[in-house]
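Colleague: Next one to model:
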Amino acid sequence: MNSTTVTIETELPEDVYQTLQAHGMHREQLVEQIQHLLAMRLYQDHTLSLGQAARLAGLSRWDFIELLSSNQIPVIDYSEEELEDEFKAVERLAAEDMA
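Modeller: Next comes the predicted model:
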């Protein structure tokens, strides 16, 4: 695992930042929120693995799974075809065990 980091900066309109501050969201909380949202989105889009997204969010895998769950984002997201392939694989394994 690479422990180096890259800093990315973004700009917010001052009035937006002031509104966020008025709602109790200061710089540290905003950075954390942005990291969480970005990590969830990139995981949901299949851009990052679970482990990579958890690291981006600054969370353990289990805590990231809880974050996904609390935001109604599935941890396992198979297409119908992928799910059917998985069921077939399970059926084959079960048949092999019975033989």
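Colleague: Quick check: pLDDT value at the residue positioned nearest the centre of the chain.
Modeller: The residue lying closest to the centre of the chain (Cα atoms, centre = their mean) is Met40, at 3.1 Å. Predicted confidence (pLDDT) for Met40: 98.
Colleague: For it, give me its contacts.
Modeller: By Cβ atoms under 8 Å, 6 or more residues apart in numbering, the residues touching Met40 are Ala53, Ala57, Leu67, Leu68, Asn71, Ile73. C-beta coordinates here come from the backbone N, C-alpha and C atoms, glycine included.
Colleague: Kindly recompute the last result at 7 Å.
Modeller: Contact analysis of Met40 by Cβ atoms under 7 Å, 6 or more residues apart in numbering lists Leu67, Leu68, Asn71, Ile73.
Colleague: mind checking how far Ile34 is from Met40?
Modeller: According to Cβ to Cβ, to the nearest Å, Ile34 and Met40 sit 11 Å apart.
Colleague: Tell me how far the closest residue to Ala54 other than its chain neighbours lies from Gln52.
Modeller: Of all residues not flanking Ala54 in the chain, Phe64 sits nearest, at 3.7 Å (Cβ to Cβ, 6 or more residues apart in numbering). Distance of Phe64 to Gln52, computed by Cβ to Cβ: 10 Å.
Colleague: Repeat that for Glu9.
Modeller: 21 Å.
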